[in-house]
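**Student:** Following is a predicted model, sequence given first.
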Amino acid sequence: MVWTQDKIPNLQGRTAVVTGANAGLGYETVLGLAKAGAHVVMGSRNQEKAQSAKTSIEALHPDASLEIVELDLANLESVALAANAIAVNHRQLDLLVNNAGLMGLPETKTADGFEMMFGVNHLGHWALTAQLMPMLLVTAGSRVVTVTSVARHMCFKLNEKNPHLEGRYKPGKAYGQSKLANYHFGIGLNRKLGEARVSTTSILAHPGLTNTNLLADSAVAGSGMSPATGVRPQLLAATKPGVEGGTLYAPRFVSTGPAVRVPIMRRLGMSRSIERLWRVSERETGIKIELPS
């Protein structure tokens with residue numbers, strides 16, 4: 001049977017954080033979670049757009065429980081402030097959806113000097129996940145869902161010595177590297193959570209070809225699934241009872257089709273790739289993901 005938003009269970013009493021919450025897949029994620037009764041913290045850089053999105057969802061669902069937190073994933077100080085603001089208002093966290101992403105940019109740097117796509121798509125989420133981890137760990141059955149892409153196949157491995165591709169920058173290569181990082185992050189985090197013997201799990205989702213602002217200037221602009229359909233893999237990963245950690249949900253036909261669990265590929269050398277990503281992420285951000293030993 002095709003999985004749709006109608007199959008999301010009752011989420012009353014649950015708290016979720018969604019990055020990139022004001023548009024596209026982020027908006028649809030917030031909408032699906034809020035409709036099911038979750039309190040959703042909307043992480044967004046643009047506060048005006050976030051307020052507009054919040055107003056739109058409340059018009060559709062007057063009982064929606066929503067909260068906006070300013071979050072710029074291109075600035076580690078902003079990430080720390082956002083994580084602190086969330087921790088002040090909430091003791092526990094049931095779900096973190098690392099959704100926000102950038103694609104196809106000319107060479108640009110974050111506030112911390114990182115290549116922009118690697119900085120936002122991975123390092124910003126690494127820092128946010130690390131700083132929200134204490135709240136996730138005290139919440140039984142909590143989940144971290146990270147959005148990757150088939151673009152990860154455009155990159156063979158993370159350049160450990162030059163992760164910001166200085167002197168070697170190409171937009172496609174940089175995007176592929178960031179999505180490969182998301183992939184190894186989701187799998188690696190679940191392995192480390194398992195080793196720590198905690199109930200928190202990490203799951204991956206790939207939305208396929210979805211007509212969002214991310215594709216606005218690309219060759220495939222205007223094509224693909226609607227955001228309401230493309231969001232289903234990550235909503236399924238976030239809410240379906242019994243979902244196993246370390247798994248990947250995506251459209252059945254790679255870029256389109258119903259949301260299903262798909263095999264984890266490229267297992268050869270994956271452990272080395274995960275450890276490489278952990279070294280680079282800790283080195284660049286100065287932040288470790290602390291788990292019970």
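**Tutor:** Sure thing, it's come through. Residues are numbered from 1 along each chain as shown.
**Student:** what sits opposite the residue positioned nearest the centre of the chain in the beta ladder?
**Tutor:** Ranked by distance to the mean C-alpha position of the chain (Cα atoms, centre = their mean), the top residue is Asn98 at 1.9 Å. Judged by DSSP bridges, the bridge partners of Asn98 are Thr146.
**Student:** what's the pLDDT at it?
**Tutor:** Looking at Asn98, its pLDDT stands at 98.
**Student:** residue boundaries of the strands in the stretch 1-150 of the chain?
**Tutor:** According to DSSP state E, counting those that start in this stretch, the stretch 1-150 of the chain carries its strands in the segments 15-19, 39-44, 65-70, 95-98, 143-147.
**Student:** Format those as JSON lines; extra columns: distance to Arg276.
**Tutor:** Backbone N, C-alpha and C define where each C-beta goes, glycine included. Formatted as JSON lines, the strands of the stretch 1-150 of the chain follow (distance: least, Cβ to Cβ, whole Å):
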{"stretch": "strand 15-19", "distance to Arg276": "24"}
{"stretch": "strand 39-44", "distance to Arg276": "27"}
{"stretch": "strand 65-70", "distance to Arg276": "31"}
{"stretch": "strand 95-98", "distance to Arg276": "19"}
{"stretch": "strand 143-147", "distance to Arg276": "17"}
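**Student:** So which of those strands is nearest Trp3?
**Tutor:** With respect to Trp3, and counting by Cβ to Cβ, the nearest of the strands of the stretch 1-150 of the chain is strand 143-147 at 14.7 Å.
**Student:** which helices and strands does the following helix or strand past that closest one pack with?
**Tutor:** Next helix or strand after strand 143-147 toward the C-terminus (DSSP states H and E): helix 171-195. With contacts taken as 3 or more Cβ pairs under 8 Å, 6 or more residues apart in numbering; DSSP states H and E, helix 171-195 sits against helix 116-118, helix 125-137, strand 143-147, strand 201-205, helix 270-285.
**Student:** Now distance to His164 too, for those, in TSV please.
**Tutor:** Formatted as TSV, the helices and strands packed on helix 171-195 follow (distance: least, Cβ to Cβ, whole Å):
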stretch	distance to His164
helix 116-118	6
helix 125-137	15
strand 143-147	21
strand 201-205	24
helix 270-285	8
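**Student:** And the ones you listed: which comes nearest Gly26?
**Tutor:** Per Cβ to Cβ, nearest to Gly26 of the helices and strands packed on helix 171-195: strand 143-147, 9.4 Å.
**Student:** What does the residue of the chain positioned farthest from its centre show for phi and psi?
**Tutor:** In terms of distance from the mean C-alpha position of the chain, Gly167 ranks first, at 28.2 Å (Cα atoms, centre = their mean). The phi and psi values for Gly167, taken as degrees, to the nearest 10, are phi 80, psi 0.
**Student:** what's the answer for Gln234, then?
**Tutor:** Dihedral angles (degrees, to the nearest 10) for Gln234: phi -80, psi -30.
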